[in-house]
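>>> Provide a 3D model corresponding to the input given below.
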Amino acid sequence: MSAFSEAALEKKLSELSNSQQSVQTLSLWLIHHRKHSKIIVGVWFKELKKAQGSRKLTFLYLANDVIQNSKKKGPEFTQDFAPVIVDAFKHVNRDGEEGCKKQLGRVLSIWQERAVYENNLLDQLSHVLYGEKKTKKRSYEEIHPDDEGFASQSSPSDPPQTAELIRALQELENAASSDSVLRQRISSLPAEVQDTSLLHRITDKESGERLSRLVEEACMLLADYSGRLAAEIDDRRQLMRTLTVFLQSQKDGLAQNEQKLEPSFTGNPEDKESFICVFSPPRHL
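This next block holds a predicted model:
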């Protein structure tokens, strides 16, 4: 990748388009140069304020991609964007084109779902868009129970109840992977959005702008669906752990009942196992 400099960054930002490829390509370059994250964020914010029309929103898409895809490499961008992100939302929401609020709302929903920032900052962003607190999606703690909380739930004295397991299983019936309507929307996206070889069909400015809007909406649709799928994976992992605890509690109960029956059982040894099966808790859910 090319060497980093403020001039090089300004040039790349000036060439940024709202296509997914353009955003992702620049995002990878920025993440590669993450040791300059403070400078990058400063230049990004300066250029965002100078951008015109829908390009302001494209800058937010770039920030979203960088923040989410840089987390595995380090917290630099998440931390350095935090002091300016509220002002950036205000600027795009105030000066952006019609429809910006809806797109910003989708970005915010993804950040809430994935707990990208603390609730306090997410509340500030919500206030920028909606004027008052909007009902938030689940917090990080609700999606990812901490070890201490899970340990207390998993203690032998307080095993998970059958009703809790049934409720969790029922909630998964409405999970993202079961959303056939949304999957149909994704599969029904125009061929031009999915196949770059069809770009030759763009013959005028109007058709180009129309495709640009379609691509923009498709990117946000897919990003939102990815966030929901990530939350579902976490829910399934938590349910698996809960089921493991539940099954262990059932086995422990079975062992205790077997011990209680041991001294009081009289009869043929061959009949002992069937006797225990009749009077012991079931081995399965």
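
>>> worst-scoring helix or strand of the chain, pLDDT-wise?
helix 147-153 (a mean of 36; mean pLDDT, DSSP states H and E).

>>> continuing past that one, what's the next helix or strand?
helix 162-172 (DSSP states H and E).

>>> just the angle between the helix or strand hosting residue 210 and helix 162-172, please?
Taking DSSP H and E as the criterion, residue 210 maps to helix 205-264. Here the directions of helix 205-264 and helix 162-172 differ by 160 degrees (axes from the mean of the first three to the mean of the last three CA atoms, to 10 degrees).

>>> let me see the mean pLDDT of helix 205-264.
Averaging pLDDT along helix 205-264 yields 77.

>>> and for stretch 168-188?
Confidence over stretch 168-188 (mean pLDDT, whole number) is 75.

>>> now do the same contact list for residue 63.
Contact analysis of residue 63 by CB atoms under 8 Å, 6 or more residues apart in numbering lists 44, 81, 85, 88. Just so you know, the C-beta spots here come from the backbone N, C-alpha and C atoms, and that holds for glycine as well.

>>> and with 7 Å instead?
Counting by CB atoms under 7 Å, 6 or more residues apart in numbering, residue 63 touches 44, 81.

>>> list the buried residues for stretch 166-175?
For stretch 166-175, a neighbour-count test (16 or more other CB atoms under 10 Å) marks residue 168 as buried.

>>> same question for stretch 53-71.
Per 16+ other CB under 10 Å, stretch 53-71 contains these buried residues: 54-68, 70.

>>> now swap in stretch 5-17 and tell me
Applying 16+ other CB under 10 Å to stretch 5-17 flags 9, 12, 13, 16 as buried.

>>> can you redo the residues you listed as CSV with pLDDT and distance to residue 197?
Compiled in CSV, the buried residues of stretch 5-17 are given as follows (pLDDT from 0 to 100; distance: CB to CB, whole Å):
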residue, pLDDT, distance to residue 197
9, 93, 31
12, 92, 25
13, 94, 28
16, 91, 23
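
>>> outline the domain layout of the protein.
As given by the TED database, the domain ranges for the chain are 9-130, 162-261.

>>> quick one: end-to-end distance for the shortest one.
Across domain 162-261, the terminal residues are separated by 25 Å (CA to CA, to the nearest Å).

>>> and it, how far out from the chain's middle?
10 Å (CA atoms, centre = their mean, to the nearest Å).

>>> circling back to that earlier point, ok, so of the buried residues of stretch 53-71, who is nearest residue 40?
The shortest approach to residue 40 among the buried residues of stretch 53-71 belongs to residue 66, at 8.3 Å (CB to CB).

>>> run a quick check on the closest one versus residue 77, I expect a contact.
Yes: with contact defined as CB atoms under 7 Å, residue 66 reaches residue 77; the gap is 5.2 Å.

>>> show me what the helix holding residue 210 is packed up against.
Contacts defined by 3 or more CB pairs under 7 Å, 6 or more residues apart in numbering; DSSP states H and E place helix 205-264 against helix 100-114, helix 162-172, helix 180-187, helix 191-194, helix 272-279.

>>> and the angle from that helix to helix 100-114?
Using the same axes, to 10 degrees: helix 205-264 against helix 100-114 is 20 degrees.

>>> got any ranges where the stretch 51-200 of the chain has weak pLDDT?
The stretch 51-200 of the chain contains residues with pLDDT under 70 at 96-99, 132-161, 174, 194.

>>> from residue 30, how far out is residue 120?
Relative to residue 30, residue 120 is positioned 26 Å away (criterion: CB to CB, to the nearest Å).
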